[in-house]
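K.L.:
Just need the structure, nothing else, for what follows:
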Amino acid sequence: MVFITLASKDEVHTAFEELLNLEDNAWKSVSAVEILREIVCRASNGVFVGLPLCRGPDWIDLNSQFAVEQIS
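P.N.:
Residues are numbered from 1 along each chain as shown. I've put the predicted structure just below:
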């Protein structure tokens, strides 16, 4: 259980840093739905498939599209 929690925490932290690019500490306009969809996808897949696959753009797109299609 600890591994799952740490993997998710690390991936959420890394995803926020990469996607929001907060280094300059300035306000930015972002699409919350798109950003959160990718963060959730990366965090959950970080547990299921691990690195580096969970960060791959093709993998993220495939999983995000699948989730949206299942809800629609």
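K.L.:
Start from the N-terminal end of the protein and give the helices.
P.N.:
2-20, 32-48, 57-71 (DSSP state H).
K.L.:
hey, which of the ones you listed is tucked in deepest?
P.N.:
Compared across the helices of the chain, helix 32-48 shows the largest average neighbour count, a mean of 16 (mean count of other C-beta atoms under 10 Å). Quick note: C-beta positions are derived from backbone N, CA and C, even for glycine.
K.L.:
Next, format the helices of the chain as a markdown table and append distance to Ala26 and mean pLDDT.
P.N.:
Below are these laid out as a markdown table (distance: least, C-beta to C-beta, whole Å; pLDDT from 0 to 100):
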| stretch | distance to Ala26 | mean pLDDT |
| --- | --- | --- |
| helix 2-20 | 11 | 84 |
| helix 32-48 | 16 | 91 |
| helix 57-71 | 25 | 92 |
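K.L.:
Nearest the geometric middle of the protein, what residue?
P.N.:
Ile39 (2.3 Å; C-alpha atoms, centre = their mean).
K.L.:
which residue packs closest to that one, ignoring adjacent ones?
P.N.:
Ala15 (4.5 Å; C-beta to C-beta, 6 or more residues apart in numbering).
K.L.:
surely the one you found meets Val40?
P.N.:
No - the pair Ala15 / Val40 is not scored as a contact, 9.0 Å apart, by C-beta atoms under 8 Å.
K.L.:
do you know how far the residue nearest to Ile39 is from Leu22?
P.N.:
12 Å (C-beta to C-beta, to the nearest Å).
K.L.:
show me what contacts Val49?
P.N.:
Neighbour list for Val49: Trp59 [criterion: C-beta atoms under 8 Å, 6 or more residues apart in numbering].
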